[in-house]
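Student: Below are the sequence and a predicted model for it; my questions follow.
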Amino acid sequence: MTALGYTALIIAALLVGAVGGFVIARASRNGARPQGPTVAELLQRLVHTSYNGVVVLNKFGDVVLHNPRADELGLIRDHQADARARKAAEQALVTGEPVPVDLTPLNRVAPLRGRGPAAVLGEVRPLGDGFAVVDAADESDSVRLEATRRDFVANVSHELKTPVGALALLAEAVLDAADDAEEVRRFSTKILHESTRLGTLVSELIALSRLQGAERLPELTTVDVDAVVEEALGRCRLAAESAGIEIAVDEPTGFLLNGDRTLLVTALTNLIDNAVSYSPLGSPVSISRRLSGDFVEIAVTDRGIGIESQYHERVFERFFRVDPARSRATGGTGLGLAIVKHVAANHGGEVKLWSRTGTGSTFTLRVPRHGTTDGQPAAEPDRAAKPARSITESADGVTTVETGGVR
């Protein structure tokens, strides 16, 4: 073969190799292409699943892109962005700086489903090329918490001011009457009363703070209901005897429940104290236990002044008193029923109220019985004693209010 033939053969081999290499490389590249969503698709998913409401506006204020959360928060109405968002977007495009904006719905009823957010706060940021993004979040819980904190501080300040002021005045009175032993004794007794009330108020504030999440609650254990009732009775027996009130208790039941014994005793003690404090001298108070489905119910019934229906939903509020004068006279702080409500809620239960003015009231503490979650059989129904007054015994026109779960 001539040199020209060898040259042609070599060129042909090189061409075949080049073509083959190109085909193999292309096939290799096609085979190595990653499967799955693109970056753009992932970004779109991120925007659409964001907990915040996201709206992209152009320089004319038209909606270019938004996610479902923006509809839920009311940022978009009839395919138009909220006027406040558009105005903030204009400002952001002019200044080139982020602009905070309050987008709380002006009309919470309208197109929003359910209750709707109580506070929506956002920020508008320029994206360049005449586009801006509205990024808004539901801050309702934070706003409600701050409002609750302000109310709580205001209430505590007011409640503490009364006994502290009284102590100061009484101390001055003792100094002025230093030479009169009888007056000193009388004022000293009042000082003792006010200091005791102040100590009780501080203790209940600490207990309420723990129940509302300031401290971790203790682990729930198996608690004997009869032991809880017996200990609560022991704490209230002296006050009941002083008021000439006899407390009737049903027979022991042997019921068990899941809870914290100390908190349950505190809650039941508060209910018994209230029954004794708001009952006429010599009137009876009764305590009963029974099973109701998966709950153990402990009912405290009095034949006292009763509670008017318009106050049924408010008696569990902090510092609320149906009769402030009577509550102060008995040393009440207005926190007892609030503590009961939070104890019940933290145990997965509730507290019920039945009441009629001039007839009396029944407060029922309901807590899940032991074995509710582990499949153990319930106790025999015939072991449940008849309550002194069942919630279902209410006559026509009597309101039953259920409370429970936290703000």
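Tutor: Here it is on my side, so go on. Because the structure is predicted, anything quoted here is derived from the model rather than measured. Numbering: from 1, shown residues only.
Student: mind showing which ranges of this structure have poor pLDDT?
Tutor: For the chain, the stretches with pLDDT under 70 are 1-34, 107-116, 147-149, 151-159, 161-162, 200-201, 203-218, 318-334, 372-407.
Student: What segments of it are helices?
Tutor: Ranges of helices in the chain, per DSSP state H, are 3-31, 39-48, 68-72, 83-95, 140-176, 181-209, 225-242, 261-277, 324-329, 336-346.
Student: Can you dump the C-alpha atoms of the second one in CSV for me?
Tutor: In CSV, the C-alpha atoms belonging to helix 39-48 read as follows (Å, rounded to 0.1, in the frame of the first residue of the first chain):
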residue,chain,number,x,y,z
VAL,A,39,-34.3,24.6,40.5
ALA,A,40,-37.2,26.8,39.2
GLU,A,41,-39.7,24.1,40.1
LEU,A,42,-38.2,23.7,43.6
LEU,A,43,-38.4,27.5,44.1
GLN,A,44,-42.1,27.4,43.0
ARG,A,45,-42.8,24.6,45.5
LEU,A,46,-41.0,26.6,48.2
VAL,A,47,-43.2,29.7,47.6
HIS,A,48,-46.4,27.8,47.4
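Student: buried sites along that helix?
Tutor: Val47 (16 or more other Cβ atoms under 10 Å). C-beta coordinates here come from the backbone N, C-alpha and C atoms, glycine included.
Student: Go ahead and name everything in contact with it.
Tutor: Contacts to helix 39-48, defined as Cβ atoms under 8 Å, 6 or more residues apart in numbering, come from residues Pro37, Val54, Leu65, Asn67, Pro68.
Student: Using TSV, lay out those residues together with distance to Leu256 and neighbour count.
Tutor: Formatted as TSV, the contacts of helix 39-48 follow (distance: Cβ to Cβ, whole Å; neighbours: other Cβ atoms under 10 Å):
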residue	distance to Leu256	neighbour count
Pro37	54	11
Val54	52	20
Leu65	58	15
Asn67	50	21
Pro68	47	14
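Student: and those, which of them are in strands?
Tutor: Members of those lying in strands (criterion: DSSP state E): Val54, Leu65.
Student: and which of the contacts of helix 39-48 is nearest Leu175?
Tutor: Minimum distance to Leu175 across the contacts of helix 39-48 is 68.1 Å, recorded for Val54 (Cβ to Cβ).
Student: hey, what's that closest one bridged with?
Tutor: For Val54, the beta-bridge partners are Asp135 (DSSP bridges).
Student: cool, Val367 as well?
Tutor: Note on Val367: beta-bridge partners by DSSP bridges are Val296.
Student: Any figure for the gap between it and Leu263?
Tutor: Computed as Cβ to Cβ, to the nearest Å, the Val367 to Leu263 distance reads 10 Å.
Student: ok, the two, which is more surrounded?
Tutor: Val367 (27 against 24; other Cβ atoms under 10 Å).
Student: if I pick the more buried one, what's in contact with it?
Tutor: By Cβ under 8 Å, 6+ apart, the neighbours of Val367 are Leu257, Asn258, Gly259, Leu264, Phe295, Val296, Ile298, Ala344, His347, Gly348, Gly349.
Student: which residues in the stretch 301-407 of the chain form strands?
Tutor: Ranges of strands in the stretch 301-407 of the chain, per DSSP state E, counting those that start in this stretch, are 350-356, 360-368, 400-403.
Student: Could you tell me which strands sit next to the first one in the sheet, and their orientation?
Tutor: When pairing is defined by DSSP bridges, strand 350-356 lines up against strand 360-368 (antiparallel), strand 400-403 (antiparallel).
Student: isn't Val343 right next to Thr269, touching?
Tutor: No: Val343 is not in contact with Thr269 according to Cβ atoms under 8 Å; the separation is 10.7 Å.
Student: hey, which of the strands of the stretch 301-407 of the chain is tucked in deepest?
Tutor: strand 360-368 (a mean of 25; mean count of other Cβ atoms under 10 Å).
Student: got the CA coordinates for it in CSV?
Tutor: Taking C-alpha atoms only, strand 360-368 is exported to CSV below (Å, rounded to 0.1, in the frame of the first residue of the first chain):
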residue,chain,number,x,y,z
GLY,A,360,-76.8,27.3,94.2
SER,A,361,-74.0,26.1,91.9
THR,A,362,-72.3,22.9,90.9
PHE,A,363,-68.7,22.9,89.6
THR,A,364,-67.6,19.7,88.0
LEU,A,365,-64.0,18.8,87.5
ARG,A,366,-63.6,16.2,84.7
VAL,A,367,-60.2,14.4,84.2
PRO,A,368,-59.4,11.4,82.1
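Student: Export the strands of the stretch 301-407 of the chain as a markdown table, with columns for distance to Ala132.
Tutor: Output for the strands of the stretch 301-407 of the chain, formatted as a markdown table (distance: least, Cβ to Cβ, whole Å):
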| stretch | distance to Ala132 |
| --- | --- |
| strand 350-356 | 48 |
| strand 360-368 | 52 |
| strand 400-403 | 46 |
